[in-house]
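In: Below are the sequence and a predicted model for it; my questions follow.
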Amino acid sequence: MKKDSCMKSSSKKSNKAVFKESAAATLAERIFHLSNSRTSVRTEILAGVTTFFTMAYILAVNPNIVSSAPGLGVEKGGLFIATALAAAAGTFLMAFFANYPFALAPGMGLNAFFTFVICGAMGYSWQFAFFAVFIEGLIFL
């Protein structure tokens, strides 16, 4: 008798867990159409956490790279804000206009190049380097 009652209570618990999981999955499916993209709620949560840590790394490192060039004269606080705003703007544009779940942020390789080569070795101003990157972005479009 006890065996039957244990089985009934465990099946009730699992039914509740399945209901909660399926309710969340149904809501996510209605909003994001996950099955059309052949993905799951778990995959999307893992992707979101990974993207968060990547963006946090870029926000921490990018201002240090750009402000480290000798004679550049750009402060880290302003670079942090500019990096965050550029990442937010690019990500929101990609999300709402292209409907793609891509996070965009300033490229650290390009920033290192213009910091150490364009400004450092070649001696151009940071304004010139930023303008060159802006023109390169327009050409890319």
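Out: Cool, got the structure. Residues are numbered from 1 along each chain as shown.
In: So the residue positioned nearest the centre of the chain versus G90, what's the distance?
Out: Taking C-alpha atoms, centre = their mean, the centroid of the chain lies closest to A103, which sits 3.7 Å from it. Going from A103 to G90 by C-beta to C-beta, to the nearest Å gives 8 Å. All C-beta spots, glycine's among them, are computed from the backbone N, C-alpha and C.
In: Ok, T26 next?
Out: 31 Å.
In: between those two, who's got more neighbours?
Out: G90 (15 against 10; other C-beta atoms under 10 Å).
In: Could you look up the SS state of the residue lying closest to the more buried one once chain neighbours are set aside?
Out: Of all residues not flanking G90 in the chain, L104 sits nearest, at 3.3 Å (C-beta to C-beta, 6 or more residues apart in numbering). Following DSSP: H, G, I helix; E, B strand; the rest coil, the label given to L104 is coil.
In: so how far is the strand or helix carrying I139 from its chain's centroid?
Out: Using DSSP states H and E, I139 sits within helix 126-140. Centre-to-centre, helix 126-140 and its host chain are 23 Å apart (C-alpha atoms, centre = their mean, to the nearest Å).
In: Let me know the average pLDDT across that helix.
Out: Averaging pLDDT along helix 126-140 yields 87.
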